[in-house]
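Asker: below are the sequence and a predicted model; questions follow.
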Amino acid sequence: MATIDPISTNTAGERQLALIHHVARIATQSLPLRGKLQRIVEALKEHIGCEFVACAYTDLQVSRFTCEALASDLPTDIHVGYNREFGSGVVGQVAGDGQAMNIADVSFHANYVETLPGTRSELCVAVRHDGAVMAVLNCESVQLDAFNGLTDLLETVAEQVAGVIASARLNEEQHRRVELLGMTSELSRLALEADSLNECLQRIVEFVRARFDLVNCALLAFDAEKETLRLSALIGQTVFAPRCGQDWPLGLGVIARALRTGEPQLIPDVSTDPDYVMGDPAVAAEFVLPIRFHGALLGLLNLEASHADRFNESNRLILLALTEQVAGTIHLASTNQRLREINRLVEEKSAALLQANARLREMNTQLERLSHLDGLTGIANRRRFDEALRLEWLRAQRHRHTLCLLMIDIDDFKAYNDGYGHLAGDDALRRVAAALAAALQRSEDLIARYGGEEFAVLLPETSLDDAERCGWHLHSAVGSLCLPHRYSRAGSYLSISIGVATITPQDSDRTADFIDCADRGLYQAKQRGRNRVELWKPTSPAPWQE
């Protein structure tokens, strides 16, 4: 027990004044609030000469009082942290109505609750601040009517205690704001570093449990559209741990009451609450807070502690403010997850679109290639030949290059078809086309099926002499096939006749006339016995000049 200053014994008034001065000095000391209250109750017990003095906080929100300091010479059920509801016992009655009570003989008081065996009299006064009861001073004695004439003194001391508590709570509020600022900053950082909404929620419950020394902490997400409540994150040793990630029954526990009312639910003693569902024997108190963002319910934060003191008024205020931060954090994490999901879908759709476009380009390329190929022989078709001639013609005009054209016809092919059949004729066309294509030596040269059994070969930047040599080379390639043709007028094997034309295109020249020149050469080869190469020489009059 702390010693107190000697008090003058001249008169009762002087002793009371000395006590008041002594309490005032205690109020100015650099001590925590609980330490100051402890010294005050010790000073009161010493001055009054009773066996027991205590100071209890009132919690108006839950209508309960909690012992914060006591001095006792005898064994008692009361301890720091001891709490009961308003209306229970003399202290509970004063905490509820704020009226002082001086009981000369407790045996005649119906609401007396014995916590100090042998108590005969009790004095209890309210500690008020701004009209509200914030605490109660309680004195008990084993003597009858031990507190006669002391009510005014105790009320005076109660006024001093009110100032001490109010000042401490002001400092506590400033400290709480600083602490809350630090917690919200840390919580935001932890949540923003999470890679997913589930990880964000798990970090939140781990943070809250550690900062408030809780037994269990859980976060349940509410889906208003589906009307479901999911146990999304949990930390602690509870039988409900295996249900994490599953829906929570809407009618189960204090959680259901918080969901139904939309209001925080504080249970200082879970053993007295009919809705409480035990998941951990170590839990003594529960606090459930709705999580709202712009009025919309996002979920519930369920906190469980081994002692009701974890949910004192100061911590509740911090938790209520922190829950608002949690709501914003969850909303941000949910938004980010939706954005990530949208981005993922966009990326998937973009990848699928790119893949589809690639397939489409490939198919278009293949279609374009097929549209330029002859279906029977596999070489370029007439359409491809016409495009190539137009482009090479313009290029030859621009650079004043020569351009050569070979028109090729299989000799007596109609007779071949009639004699050997159309299947054999088709096979012969394929073999001739392959031989002609293989005989070309430059990639820029083009072999095309011009029509029926007729082929065309386009030779860019080629002189007439080189074109003639190319014609005879193609003639030999087909001859080397040694395809029997007993219906031919040019020999015993299938052969070709070739007409060659050359030109350096001028603006006045036409491609049709150029083709006609090569046809003239082919006609000349036919007239001279087939199975040969004939040049339509520049010295010959052009067909359009005849």
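Answerer: Received it, and whenever you're ready, just let me know what you need.

Asker: and the residue lying closest to Glu51 once chain neighbours are set aside, how many neighbours?
Answerer: Nearest residue to Glu51 in three dimensions, chain neighbours excluded: Asp73, at 4.6 Å (Cβ to Cβ, 6 or more residues apart in numbering). For glycine as for every other residue, the C-beta is placed from the backbone atoms N, C-alpha and C. Neighbour count for Asp73, taken as other Cβ atoms under 10 Å: 12.

Asker: likewise the one 4 residues further on?
Answerer: Here the neighbour count serves as a burial measure; for Asp77 (other Cβ under 10 Å) it reads 10.

Asker: contacting residues for it?
Answerer: Thr115, Leu116 (Cβ atoms under 8 Å, 6 or more residues apart in numbering).

Asker: next one: phi and psi at the most centrally placed residue in the chain?
Answerer: In the chain, the residue lying closest to the centroid (Cα atoms, centre = their mean) is Gln337, at 2.0 Å. Torsion angles at Gln337 (phi, psi; degrees, to the nearest 10) stand at phi -70, psi -40.

Asker: wait, doesn't it sit right on Leu197?
Answerer: Yes - if you go by Cβ atoms under 8 Å, Gln337 and Leu197 touch, sitting 4.4 Å apart.

Asker: gap between the residue nearest to the centre of the chain and Pro290?
Answerer: Between Gln337 and Pro290 the computed distance is 22 Å (Cβ to Cβ, to the nearest Å).

Asker: equivalent analysis for Val127, please.
Answerer: 32 Å.

Asker: and the two? which has more neighbours close in?
Answerer: With neighbours defined as other Cβ under 10 Å, Val127 and Pro290 compare such that Val127 has more, 28 against 19.

Asker: and the more buried one, what pLDDT?
Answerer: You'll see Val127 listed with a pLDDT of 94.

Asker: show me what the closest residue to it other than its chain neighbours is bridged to.
Answerer: Distance criterion Cβ to Cβ, 6+ apart; nearest residue to Val127, sequence neighbours excluded, is Ala135 at 3.7 Å. With DSSP bridges applied, Ala135 shows beta-bridge pairing to Tyr57, Val127.

Asker: equivalent analysis for the one 4 residues further on, please.
Answerer: Note on Cys139: beta-bridge partners by DSSP bridges are Val53, Leu123.

Asker: that one reaches Glu46, doesn't it?
Answerer: No - between Cys139 and Glu46 there is no contact under Cβ under 8 Å: 11.8 Å.

Asker: re the thing from before, quick one: contacts for the residue nearest to Val127?
Answerer: Cys55, Ala56, Tyr57, Thr58, Glu68, Ala126, Val127, Ala158, Val161, Ala162, Ile165.

Asker: can you read off the backbone torsions of Ile103?
Answerer: phi -110, psi 110.

Asker: what residues does it make contact with?
Answerer: Val90, His109, Tyr112, Ser121, Glu122, Leu123.

Asker: distance of it relative to Leu116?
Answerer: 13 Å.

Asker: repeat that for Gly425.
Answerer: Counting by Cβ to Cβ, the gap from Gly425 to Leu116 is 126 Å.

Asker: swap in Arg209?
Answerer: Distance from Arg209 to Leu116, counting by Cβ to Cβ: 37 Å.

Asker: of the contacts of Ala135, select the buried ones using a ChimeraX command.
Answerer: Here is the ChimeraX command that selects the buried residues among the contacts of Ala135 (16 or more other Cβ atoms under 10 Å):
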select :55,56,57,58,68,126,127,158,161,162,165
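
Asker: between the contacts of Ala135, which is nearest Ala24?
Answerer: Val161 (11.0 Å; Cβ to Cβ).

Asker: got a pLDDT number for Gln174?
Answerer: In this model, Gln174 carries a pLDDT of 68.

Asker: correction: Arg310
Answerer: 87.

Asker: quick one: neighbours of it, just the number.
Answerer: Count around Arg310 with other Cβ under 10 Å applied: 19.

Asker: what about it, which SS state?
Answerer: Judged by DSSP: H, G, I helix; E, B strand; the rest coil, the three-state class of Arg310 is helix.

Asker: before we move on, back to that, Cys139 and Glu46: which is more packed in?
Answerer: Cys139 (24 against 18).

Asker: can you get me a residue count around the residue lying closest to Pro264 once chain neighbours are set aside?
Answerer: If the residues on either side of it in the chain are set aside, Pro264 comes closest to Leu289, at 4.9 Å by Cβ to Cβ, 6+ apart. Using other Cβ under 10 Å, Leu289 has 23 other residues around it.

Asker: for the chain, which segments count as helices?
Answerer: 12-28, 33-48, 89-97, 151-192, 197-212, 253-261, 313-371, 382-399, 413-420, 422-439, 464-479, 511-527 (DSSP state H).

Asker: and the shortest one, what's its mean pLDDT?
Answerer: By that I understand helix 413-420. For helix 413-420, the per-residue pLDDT averages 95.

Asker: got the contact list for the nearest residue to Val161 once chain neighbours are set aside?
Answerer: In this structure, Val161 finds its nearest non-sequential neighbour in Val127, 5.0 Å apart by Cβ to Cβ, 6+ apart. The contact partners of Val127, taken as Cβ under 8 Å, 6+ apart, are Cys55, Val133, Met134, Ala135, Val136, Leu137, Ala158, Glu159, Val161, Ala162, Ile165.

Asker: run the last query once more with 10 Å
Answerer: Residues counted as contacts of Val127 (Cβ atoms under 10 Å, 6 or more residues apart in numbering) are 55-58, 94-95, 98, 133-137, 155, 157-166.

Asker: equivalent analysis for Arg260, please.
Answerer: By Cβ under 10 Å, 6+ apart, the neighbours of Arg260 are Leu250, Gly251.

Asker: what's the local residue count around the residue nearest to Ala415 when sequence neighbours are not counted?
Answerer: Leaving out its chain neighbours, the residue that sits closest to Ala415 by Cβ to Cβ, 6+ apart is Tyr487, at 3.8 Å. By other Cβ under 10 Å, the residues close to Tyr487 number 16.
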